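Trainee: dropping the sequence and predicted coords here.
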Amino acid sequence: MPTRTRARNDSDPFEEALRPPSDETPEQELIRKRKETEARRVNDAIQEEIDRTAASEKKLTTIKLLVLGQSESGKSTLVKNFRLKYSSREFRQENITWRSVIQLNVVHSILQILDALSTLTDRPSTSYSPISPPSPSSSFSTTDTLPHSRSNSNVQLTNEQRALKLRLSPLIQVDRLLRDRIGTEEDQELGGKFSEFVVRAGSAWKSAIHRQPGRQIGDENGSVDQISHLMSMCKNDMIQLWNDQVIRGLRVVRKLRLEERSGFFLDSLDRVCSVGYVPTDDDVIKARLRTLGVNETRFNVVYAPGLTTQWRVYDVGGIKSQRVYWASFFDDVDCIAFIVSIGAFNQYLEEDPEVNRLADSFDIWHKIVNAKLLAKVHLLVFLNKYDLLERKLASGIRFNKYITSYEGRSNDATSCTAYIKTKLHNQLSESKHEVQSFICHVTSLTNTTSSGHILAAVTELLVTKALSHTQLIN
Ligand SMILES: Nc1nc2c(ncn2[C@@H]2O[C@H](COP(=O)(O)OP(=O)(O)O)[C@@H](O)[C@H]2O)c(=O)[nH]1
Ligand SMILES: [Mg+2]
């Protein structure tokens with residue numbers, strides 16, 4: 001059987017192709033050599049860039065940020081702002097998932113108004129009840145307790161109000177459907193009639209929504225899921241309920257300050273309850289979903305070409321019973337963002353109704369600045385819900401009524417904020433530990449534009465500190 005062997009004088013075809021032609025002139029040789037030199041230069045430059053990138057990626061710095069603060073202070077809102085700024089594609093891919101949460105926020109608010117109505121005498125009447133509407137300048141109540149003189153016993157619903165209540169009763173079913181869809185749990189600790197719905201931290205609730213598209217209701221013009229259909233059917237009645245002057249008066253008397261509560265969308269009912277509604281970025285930022293446990297969010301921040309920092313942000317539960325888990329993170333983070341809801345100065349903790357929310361924040365801050373494990377940590381403070389503080393003070397609510405140490409100082413947002421800042425600073429100065437740095441920002445985290453600027457400054461600062469620590473820059 002013949003074997004194929006290469007003839008001794010066979011040359012390598014690759015080598016042959018590269019070999020200059022035997023009849024090459026001196027001019028052609030010169031041009032060829034120039035071309036070869038240029039090709040080598042380009043090749044070396046590419047290789048250098050590859051090496052540089054590989055080297056900087058090896059030195060990729062991780063920044064771990066722990067977000068602390070009482071429940072509803074704005075921790076998750078801060079994390080959402082980070083995602084919107086640095087991971088906007090992924091953030092926006094989830095916008096539609098948040099629709100169910102926003103729908104539940106709406107239904108929750110409406111059911112609270114209906115519940116307040118149900119305490120009134122349910123006798124038919126053709127005239128309006130004697131509750132006086134609030135002053136047009138304010139939707140906030142300046143009263144702290146329900147005035148007993150305005151007892152509900154004589155108040156009657158009109159026929160129209162009773163019919164409105166009836167027409168909105170499908171929302172009870174919508175509430176159940178939405179809770180099933182999102183997979184909310186009963187909160188064992190809060191457990192009040194309208195206590196917040198809660199989900200476990202992580203993305204399981206998002207997957208659950210995708211797995212259950214909901215029953216479709218359709219005709220020849222297409223189909224829509226049952227929840228959106230029912231919401232749109234009730235839309236005009238919800239708008240009527242929200243705008244009813246008498247019911248507005250009742251809300252003031254009952255201290256049902258929905259505007260200052262989490263997940264308030266009643267001023268956008270027309271848009272939010274329309275079929276085909278897709279939440280905007282701002283809607284997602286405003287949506288309220290209470291989580292149990294620790295949420296870890298990761299994103300990268302490109303500081304300069306080839307210089308990327310990896311961020312890990314831990315968002316933890318804020319109600320009192322969850323705070324015991326905070327300390328387990330202390331020795332492993334570079335920075336703590338402590339959120340104080342300054343707009344909640346006249347509110348009390350849901351889990352402990354005796355405790356003023358601002359006083360509670362001072363208490364938490366005291367524990368943070370006195371924790372030995374935090375000696376090496378950068379501290380960032382966000383004095384959040386400034387918009388709410390402004391609105392409440394403008395409506396006549398007095399800051400010193402709740403924070404008595406404020407005494408007779410001016411009742412304006414700038415002075416009150418400066419006072420809070422000084423108080424936090426003094427607590428820090430009294431601590432026996434020295435922290436790495438302390439920076440304080442006044443924020444309205446539901447305003448994505450102003451928050452974006454603040455986050456850019458915060459990121460720049462922390463990246464610079466982290467990188468100077470690793471001697472990548474100095
Ligand atoms: N008006 C106003 N609402 C805010 C602000 N920041 C957060 N919220 C709202 O407050 C609610 C609670 O915020 P969230 O981030 O869920 O609180 P967490 O429990 O600390 O995670 C949400 O409905 C937010 O939209 C703010 O600066 N102003
Ligand atoms: Mg949260």
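Mentor: Structure received. Ligands and ions are numbered 1, 2, ... in the order given.

Trainee: the host helix or strand of residue 425 and ligand 1 in contact?
Mentor: Taking DSSP states H and E as the definition, residue 425 sits inside helix 413-430. No. Applying Cβ under 6 Å from any ligand atom, one finds helix 413-430 separated from ligand 1 by no less than 12.6 Å. Placement of C-beta: from N, CA and C, glycine included.

Trainee: what comes up buried for the helix or strand just after that helix?
Mentor: Downstream of helix 413-430, the next assigned helix or strand under DSSP H and E is strand 437-442. Residues of strand 437-442 classed as buried by neighbour count (16 or more other Cβ atoms under 10 Å): 440, 441, 442.

Trainee: low-confidence ranges in the stretch 1-150 of the chain?
Mentor: For the stretch 1-150 of the chain, the stretches with pLDDT under 70 are 1-19, 50-60, 120-150.

Trainee: which bits of it sit near ligand 1?
Mentor: 69, 71, 72, 73, 74, 75, 76, 77.

Trainee: which helices and strands does the strand or helix carrying residue 112 pack with?
Mentor: Residue 112 belongs to helix 98-118 when assigned by DSSP H and E. Helix 98-118 is packed against helix 159-167, helix 170-182, helix 226-243, helix 245-253, helix 269-272, helix 281-286, with contacts defined by 3 or more Cβ pairs under 8 Å, 6 or more residues apart in numbering; DSSP states H and E.

Trainee: what's around whichever residue of the chain sits closest to ligand 2, how many residues?
Mentor: Residue nearest to ligand 2 within the chain (Cβ to the ion): residue 76, separated by 3.3 Å. For residue 76, the count of nearby residues is 23 (other Cβ atoms under 10 Å).

Trainee: that one reaches residue 289, doesn't it?
Mentor: Yes. Counting by Cβ atoms under 8 Å, residue 289 is a contact partner of residue 76 at 7.4 Å.

Trainee: what touches both of those two?
Mentor: Residues touching both residue 76 and residue 289 (Cβ atoms under 8 Å, 6 or more residues apart in numbering): none.

Trainee: give me the nearest residue to residue 369, chain neighbours excluded.
Mentor: Nearest non-adjacent residue to residue 369, counting by Cβ to Cβ, 6 or more residues apart in numbering: residue 431, 4.2 Å away.

Trainee: coming back round to it: excluding its backbone neighbours, what's nearest the residue of the chain closest to ligand 2?
Mentor: Nearest residue to residue 76, sequence neighbours excluded (Cβ to Cβ, 6+ apart): residue 315, at 5.6 Å.

Trainee: residues touching the one you found, list them.
Mentor: Per Cβ under 8 Å, 6+ apart, neighbours of residue 315: 67, 75, 76, 78, 79, 201, 291, 294, 295, 296, 297.

Trainee: closest one to residue 334 out of the residues you listed, please.
Mentor: residue 67 (12.8 Å; Cβ to Cβ).

Trainee: check contacts around the closest one.
Mentor: Counting by Cβ under 8 Å, 6+ apart, the residues that residue 67 touches are 75, 78, 79, 313, 314, 315, 316, 336, 337, 339.

Trainee: hmm, 7 Å instead?
Mentor: By Cβ atoms under 7 Å, 6 or more residues apart in numbering, the residues touching residue 67 are 75, 78, 79, 313, 314, 315, 337, 339.

Trainee: got those as a markdown table, with secondary structure and distance to residue 237 columns?
Mentor: Compiled in a markdown table, those are given as follows (DSSP: H, G, I helix; E, B strand; the rest coil; distance: Cβ to Cβ, whole Å):
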| residue | secondary structure | distance to residue 237 |
| --- | --- | --- |
| 75 | helix | 35 |
| 78 | helix | 36 |
| 79 | helix | 35 |
| 313 | strand | 41 |
| 314 | strand | 42 |
| 315 | strand | 36 |
| 337 | strand | 41 |
| 339 | strand | 37 |
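
Trainee: of the residues you listed, which is the most crowded?
Mentor: Of these, with other Cβ under 10 Å as the count, residue 75 tops at 29 neighbours.

Trainee: that one against residue 341, yeah?
Mentor: No. Residue 75 is beyond contact range of residue 341, at 10.0 Å (criterion: Cβ atoms under 7 Å).

Trainee: among the contacts of residue 315, which are in strands?
Mentor: Using DSSP state E, 67, 291, 295, 296, 297 are the members of the contacts of residue 315 that sit in strands.

Trainee: for the fourth one, which residues are in contact?
Mentor: Right, residue 296. 312, 314.

Trainee: got the residues of the stretch 251-400 of the chain near ligand 1?
Mentor: 262, 263, 286, 288, 318, 384, 385, 387, 388.

Trainee: quick check, stretch 329-340 touching ligand 2?
Mentor: No. Using Cβ under 5 Å from the ion, we find that stretch 329-340 stays clear of ligand 2, coming within 9.8 Å at best.

Trainee: buried stuff in that stretch?
Mentor: Buried residues in stretch 329-340, defined by neighbour count with 16+ other Cβ under 10 Å: 329, 330, 333, 334, 335, 336, 337, 338, 339, 340.

Trainee: stretch 102-119 too?
Mentor: Neighbour-count burial for stretch 102-119 [16+ other Cβ under 10 Å]: 102-114, 116-117.

Trainee: ok, residues contacting it?
Mentor: 152, 157, 165, 168, 171, 174-175, 178, 182, 194, 197, 227, 231, 238, 241, 247, 250-251, 254, 256, 258, 263-266, 272-273, 279, 283, 287-288.

Trainee: just the buried ones from those residues, in ChimeraX syntax?
Mentor: Those of the contacts of stretch 102-119 that count as buried under 16+ other Cβ under 10 Å are selected in ChimeraX with:
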select :152,157,165,168,171,174,175,178,182,197,227,231,238,241,247,250,251,254,256,258,263,264,265,266,272,273,279,283,287,288
